[in-house]
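Undergrad: Below is the sequence, then the predicted model.
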Amino acid sequence: MALVSDAGTPAINDPGYELVLAALASGFDVRPVPGPSASIAALTVSGLPTDSFLYLGYLPHKSSERRKALSQVSNLTYTLIFLESPHRIVDSLEDILSVLGDRRICVAREMTKMFEEFWRGPVSGAIEYFKSKEPRGEFTLVIEGKIKGEEILWTEEELLKAVKKELKKDKPAKEISSELAEQSGWNKKEIYALINQNK
């Protein structure tokens, strides 16, 4: 069965999204007909909202820079779209989990080619899946935006600023990490590691 439109790409900012979501919920395999770009093709079949989205290209190669880039968009409610290569996919997914949390994700691989694949579910599940098999091909990641009303997570820049301020007070690292964990939404372990890096 095909979903077609007399204007534009179906499922982008139109009721097509609801049809895709219903088909996925019923266990059907939903795939795009080759479109204008990998990002739009992946978005249309992701099962995630298509009314507002942000395409950000490839994530940075280094983990620290990647985390910084992710923290800058962590509070946006738009669906996020990134591209990634096979040799960085697992590391990137782990950083996504750490910074954005266990959001819904659609990982699209090798679209329009013989080994086309779509993996949908939580980020933690995607990590397990792609650790269990050798990732191949180019990837498009479509990630759920921040849900309105969720606790706001501080950006890494905001957290680092607070860590430096608390360190000037000569407080123990354990005390700082406990206090900032409650305020920032980050976990104690991540804050403790950041404190040790900036002593």
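TA: That came in fine, so what should we check first? Residues are numbered from 1 along each chain as shown.
Undergrad: What distance do you get for the residue positioned nearest the centre of the chain to residue 180?
TA: Geometric centre of the chain, nearest residue: residue 143, 4.1 Å, by C-alpha atoms, centre = their mean. According to C-beta to C-beta, to the nearest Å, residue 143 stands 25 Å off from residue 180. Yep, even glycine has a C-beta here, placed from its N, CA and C like the rest.
Undergrad: What of residue 121?
TA: In terms of C-beta to C-beta, residue 121 sits 31 Å off from residue 180.
Undergrad: More neighbours: these two, which one.
TA: residue 180 (23 against 15; other C-beta atoms under 10 Å).
Undergrad: The more buried one falls within a helix, correct?
TA: Yes: assigned with DSSP: H, G, I helix; E, B strand; the rest coil, residue 180 falls within a helix.
Undergrad: Surely it and residue 191 touch.
TA: Yes: look at residue 180 against residue 191 with C-beta atoms under 8 Å: they come within range, at 5.1 Å.
Undergrad: Show me the common contact partners of those two, please.
TA: 159, 163 (C-beta atoms under 8 Å, 6 or more residues apart in numbering).
Undergrad: surely residue 38 meets residue 82?
TA: No: with contact defined as C-beta under 8 Å, residue 38 does not reach residue 82; the gap is 10.9 Å.
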